[in-house]
Structures are given as C-alpha cells and as structure tokens.
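1. pasting a predicted model and its sequence here:
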Amino acid sequence: MNETVINIEHLKKSFGDKTVLKDINIKVMKGENAVTLGKSGTGKSVTLQCIIGLLPADSGKIEIFGQDISYLSGNEMTELRKRMGFLFQSGALYDSMSVRENLQFPLKRVFKLKQDEMDEAAFNRLKEVGLEDAIDKMPSELSGGMRKRVALARTLILNPEIVLYDEPTTGLDPATSREISELIRDIQKLHNITSMIVTHDMECVKITSDRIYILKDGEYICNGTYDELEKSNDNFIKSFF
C-alpha cells in the first residue's frame, strides 16, 4: 500500500479581504510527482509556502509524514523542514558565495561535518546535475540554466524526502527547460523523492508529472494523468493543453 506523504484537507488562506485558497484538498503519495496547474495569481505558490510553513494557514489541516504541522513547535518544524527541500523560482543563490559555498551553507547550518566531507557532498550533488566542474565558480559566471542546476543541487544536499518546486523552468529557453524537467524526473526516480511542482510550462508538466491537479477559484477542481486531462472536454482544462 502506498504511503501518503503530504495530506491537505480544507486548507484556507486569505490576505486581507482577498481569499486565495478557499478549500484545498490533496494527497501526495511517496515517490510521486504532483503538478499543480492554474492561472497566475490563483494560489499555486501560496500552497507550497503553506506546506513548508513559510505562511500560516487560516484553517484546515496540513499533514507531512503524518504530522499535523499546526501542532508542531518551532524546533519540531525545523526538524521536519530538514526532510524537505524548496526550489525557489529565482534559484535564490547567494551571489557573494561560490558554488561550493552555496551548497555547503545548509550543511554547515544542519550538520557538523568536516571540510572534506562537505567537499565530497557538494561534488557528488553537482555531479548529479552535471556541473561538478563549476564547483568553484561564482553564480555571476553561470548561465540561467546552470544557476537553476546549482540551486537544485543545493536543494538536494540534505537528502530531502520531499521537494517543492516553484516554477522550476521559468526564464529558461525551451531546450534548457526540457533539460531541467528531465533532471527533476531523473532525480525523483533515483532517490524516490516525493515532489510538488508548480509550473506554467506544459512540456515540464508532461515530462515530470505522475498526477496533475487543476486549481480554479481557490480549489482543486479535478486531477488525473497528463493523458487523461489532455482528453478533457472541460473548456478550463482544455485551455492548458
């Protein structure tokens, strides 16, 4: 029987008098890539930020590995976040740090490792994304696609069981977007990572998704595989495909 890793029930989130998430319900199984599709400004990224605890939910339940995060203390939430990775839309690399230092930064915050152990971990993660030769470059020396790969390597450095992707291919040319999408899929298969992906890039959706959730007016109106939803007669769903 598949294990439910992320379980959200009746999640609501408002900003002032604007309700963004009205009634979010989703279950993501272990090792599954769940992709959210929806129009801009409809709360896709807000959902991810609620899951990782960057934004507090107004009501509803968010369970991660069976733990309701609304009942966790600050220290317990910190421990839970060690099992989760978040790939920001911008990549969010530290421009003043080399690639090596960017990757080792979370290791220094979480683990007490020797320098040679951190060097090995950084090299191995960069090798997974095909950038081991860039280990001592600065972010300013990298292309947009390379920066995204480094950001992904940093996200993976703590061996997360869950990775949340916020528009992982935004700003990239089609060929590079395809490479990043294939990398996300390959990393998932290699490490059996559970992922939630927010994207507008339909090729990314096709390459990475095991299941797609359609967000409309603050609720998921349906879900299915790419092939299933592509055949939908619903005009809103058809607009994405």
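-> Ah, there it is.
2. the helix or strand bottoming out on mean pLDDT in the chain: which residues count as buried?
-> Taking mean pLDDT, DSSP states H and E as the measure, the helix or strand of the chain with the lowest value is helix 99-110, at a mean of 83. Residues of helix 99-110 classed as buried: 99-105, 107 (neighbour count, 16 or more other CB atoms under 10 Å). (C-beta placed from N, C-alpha, C; glycine too.)
3. kindly report the same for stretch 177-193.
-> In stretch 177-193, counting by 16+ other CB under 10 Å, buried: 177-181, 183-185, 187-188, 193.
4. just for the chain, where's the confidence low?
-> The chain contains residues with pLDDT under 70 at 1, 89-91.
5. can you list the domain ranges for it.
-> Domain assignment for the chain by automatic domain parsing gives 1-83+162-171+193-241, 89-159.
6. roughly how far is stretch 159-167 from the heart of the chain?
-> On the basis of CA atoms, centre = their mean, to the nearest Å, stretch 159-167 sits 4 Å off its chain's mean C-alpha point.
7. quick one: contacts of it?
-> Applying CB atoms under 8 Å, 6 or more residues apart in numbering, the contact partners of stretch 159-167 are 5-6, 45, 48, 51-52, 64-65, 82-89, 155-156, 184, 187, 191, 193-201.
8. those helices in the chain, which residues are they?
-> Counting by DSSP state H, the chain has helices at residues 44-51, 74-81, 99-110, 115-128, 144-156, 174-191, 202-208, 226-230, 235-238.
9. who are the packing partners of the fourth one?
-> Spelled out, that is helix 115-128. With contacts taken as 3 or more CB pairs under 8 Å, 6 or more residues apart in numbering; DSSP states H and E, helix 115-128 sits against helix 99-110, helix 144-156.
10. likewise for the first one?
-> The criterion is 3+ CB pairs under 8 Å, 6+ apart, and the helices and strands that helix 44-51 contacts are strand 4-15, strand 18-29, strand 33-38, strand 59-64, strand 162-166, strand 194-198.
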